[in-house]
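In: Got a predicted model here, sequence first, then my questions.
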Amino acid sequence: MPTNPHTSYIAPNPARETGFLGSANKTGVMLGSKYELGGSRLIASSVDRGWGSSVTAEVRRHEDLHCTAFVQQVNEVIIALSGFAKIRRRADGPEQKFLSRPGSACICPRGVAVKYLHIHSGSLEMLHLYLPQNLFGNLESSDSSSVDSAPRSLLVQDEAPAWLLPA
């Protein structure tokens, strides 16, 4: 008898603060909680693959995501794997609007206050990489304030390498 994919689905374990990310969260706090609360679905997680590093990852499906204000807790790199959708986001500067497609990427630095994040008019599967504060050097000044020249986010609209996209 064939199994029903809707009843046999086992939810992956979400990525959590490991103590190595420098987020100031307690160990065990869910890193993608803003996405869960906003309406996305967790597809896969590095937790289920036994990663033993300070980098954690999730693949999430976003169809109609509406995140209210939050502060970016960790450095995060997000890469669109499949699908197309419109994204609207506002942090410290003007509203950012773009059409996300496979290969689009964003870098979201820790500590940025985001006023809102909306994904609509489509469905996206995105890879979320949660990176430790010191992976690429210190991203904060010695007085613990954000560096003035640090980007509030960086959008890269380019094609992703073929090995990263689903077949």
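Out: Now that the structure is in, tell me what you want to look at.
In: What segments of this protein are strands?
Out: With DSSP state E, the ranges of strands along the chain come out as 41-45, 56-62, 65-67, 70-71, 75-90, 96-100, 105-108, 113-114, 116-131, 154-156.
In: Show me what the second one packs onto, helices and strands only.
Out: Based on contacts counted as 3 or more C-beta pairs under 8 Å, 6 or more residues apart in numbering; DSSP states H and E, the elements that strand 56-62 packs against are strand 41-45, strand 116-131. C-beta coordinates here come from the backbone N, C-alpha and C atoms, glycine included.
In: how about the ones you listed, which one is nearest V59?
Out: Among the helices and strands packed on strand 56-62, the nearest to V59 by C-beta to C-beta is strand 41-45 (4.3 Å).
In: any idea of the angle that closest one forms with strand 75-90?
Out: Relative orientation of strand 41-45 versus strand 75-90 (axes from the mean of the first three to the mean of the last three C-alpha atoms, to 10 degrees): 160 degrees.
In: when you give positions from now on, start the count at 812
Out: In the new numbering, first residue 812, that becomes strand 852-856.
In: Right, I'll leave it there.
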